[in-house]
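Enquirer: below is the sequence, then the predicted model.
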Amino acid sequence: MPKTKDNMIFTFRHIRVFFLVTCLVWVCSQTAYTQSRTCPPASLKLAGKAEKAKWNSIKDSRNEKDYQSYLTQFPKGRCAETARQQMASLKAPFPTKPPVSTNVPIGNVSLIQESLFNEKESVMTVRFSPVMNMIASGGWNNSLKHWRGTDNEQMYAANASVSGNLIFDLAFSPDGKSIVTGSRPDYSKPAPSVRVWNAADGTPGVALKNVPSELCGSVAYSRDGARVAAGCFNQDTAARSVRIWDAKTGAEIKIIKDVDGPVVFSKYGSRVTGGHGYTRMLKLFEISTGNEVFSINGQSFNGVESVAMSPDGKHLVSGNSNGSITIWDANTGKEITAIKGHTKMVNSVSYSPNGQIIASVSEDGSVAIWNAATGAELWTVKETKPAKSVSFNMDGSKVVIGGEDGIRVVRVQR
């Protein structure tokens, strides 16, 4: 519908109303939280010594599990009703503070904060398992961590320091049994920068052959689980390469030179993407021959930072250095939709399993949800610290976000 003066005024009025309502809801929720978190003094006075001690240890907590623990121990306790109210308040819409920049939602998609993880380190990469409610993360702490999504408990932390001093990227195999990581090497003691791990316990998996000790900042599994790819950059020689291995045997299949990440496989695993460094191009290659299928010139948006393939294999979405997002035809490289998304580089993009929505996170701290068919913004919020990684769970009902604030899981509500 063409924009007229009348409908522009209508839109601006609705934006103002939405902003005022959002702020009012937040103020009310914070007031309610302050009131509800206090157990009535008369009730607490009648509580036993053990119950008082338990309540006093959790009364200021923002963790739902603490109140559940109290209710398990004292299901009919003097503060049981307050605990239930507190648990309900912790399910408040995400974010729990007024957004710095939020647009009027288009359609009926929103995000509801579900849980926060006790991760004190900055997170560079985070992924949901494709087959179960498990989450893997990596970052500056030199370890691959595996979390149980049901209660946010850390299952293990695999020491990846032998592979470098920073995990840049990770990917689950389609069956969820393996995880591949890409790291930055510790040049004082060179070691392979791409490793495979057993997802169940964090022990080393298949050993990939001829892995370089380079900055391998992007990794991927093919959808059939047969291949692993990594985009690598040698910081001494400036040499770049996309490397492909047999995921079962670890044998090296192909090296495509003069490109690095971001890497993603085509639907059937016969093609792979690669970035072209200083020329700011994104290219697609036939793996069998190494021949270029198409090249996308990224000069207008300062290059591609992240990429994802749609579930049907028809489209690529790129997160760009200038904060924009672009949807491309995966067979021809033709631009389909250009989205003016964020104000700084888009660190990660992810398609929902049904391909209907796209999630993106940026160095400017913003998290956004987009209509994959039209590019329309469905939801966005800006936090204070950079967001580095985003991933949907297996049914698209949740999104996990990793960044300098740690890890959080939010529920996609329609």
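Expert: Sure, I can see it. The structure presented is a predicted model; accordingly, all values stated were derived computationally and were not measured. Numbers count the residues shown, from 1 in each chain.
Enquirer: Gly231: which element?
Expert: strand 227-233 (DSSP states H and E).
Enquirer: which strands and helices lie in contact with that strand?
Expert: Applying 3 or more C-beta pairs under 8 Å, 6 or more residues apart in numbering; DSSP states H and E, one finds that strand 227-233 makes contact with strand 178-184, strand 194-198, strand 215-221, strand 240-246, strand 271-275. Just so you know, the C-beta spots here come from the backbone N, C-alpha and C atoms, and that holds for glycine as well.
Enquirer: give me the mean pLDDT for the third one.
Expert: Here the mean pLDDT over strand 215-221 is 95, rounded to a whole number.
Enquirer: pairing partners for that strand, with directions?
Expert: strand 227-233 (antiparallel) (DSSP bridges).
Enquirer: mind exporting the C-alpha coordinates of the partner strand to CSV?
Expert: Only the C-alpha atoms of strand 227-233 are listed here, as CSV (Å, rounded to 0.1, in the frame of the first residue of the first chain):
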residue,chain,number,x,y,z
ARG,A,227,31.1,-33.8,5.3
VAL,A,228,32.6,-31.1,7.5
ALA,A,229,33.8,-27.7,6.2
ALA,A,230,35.9,-25.0,7.7
GLY,A,231,37.0,-21.5,6.6
CYS,A,232,40.6,-20.8,7.6
PHE,A,233,43.0,-17.8,7.5
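Enquirer: by how many degrees do it and strand 271-275 diverge?
Expert: If you take axes from the mean of the first three to the mean of the last three C-alpha atoms, to 10 degrees, strand 227-233 sits at 10 degrees to strand 271-275.
Enquirer: can you list contacts of strand 227-233?
Expert: Residues outside strand 227-233 that contact it (C-beta atoms under 8 Å, 6 or more residues apart in numbering): 180, 182, 193-194, 196, 208, 212, 214-222, 239-247, 253, 259-263, 265, 269, 272, 274-275, 277, 287.
Enquirer: what subset of those is buried?
Expert: Among the contacts of strand 227-233, those classed as buried by neighbour count (16 or more other C-beta atoms under 10 Å) are 180, 182, 193-194, 196, 208, 212, 214-222, 240-245, 247, 253, 259-263, 265, 269, 272, 274-275, 287.
Enquirer: how about low-confidence regions in the stretch 201-350 of the chain?
Expert: Across the stretch 201-350 of the chain, the ranges flagged by pLDDT under 70 are 277-279.
Enquirer: ok, now with 90
Expert: Along the stretch 201-350 of the chain, the model assigns pLDDT under 90 to residues 201-202, 235-236, 238, 275-281, 297-303, 341.
Enquirer: so who does the residue nearest to Ser321 when sequence neighbours are not counted touch?
Expert: Nearest non-adjacent residue to Ser321, counting by C-beta to C-beta, 6 or more residues apart in numbering: Asn302, 3.7 Å away. Neighbouring residues of Asn302 by C-beta under 8 Å, 6+ apart: Arg280, Asn320, Ser321, Asn322.
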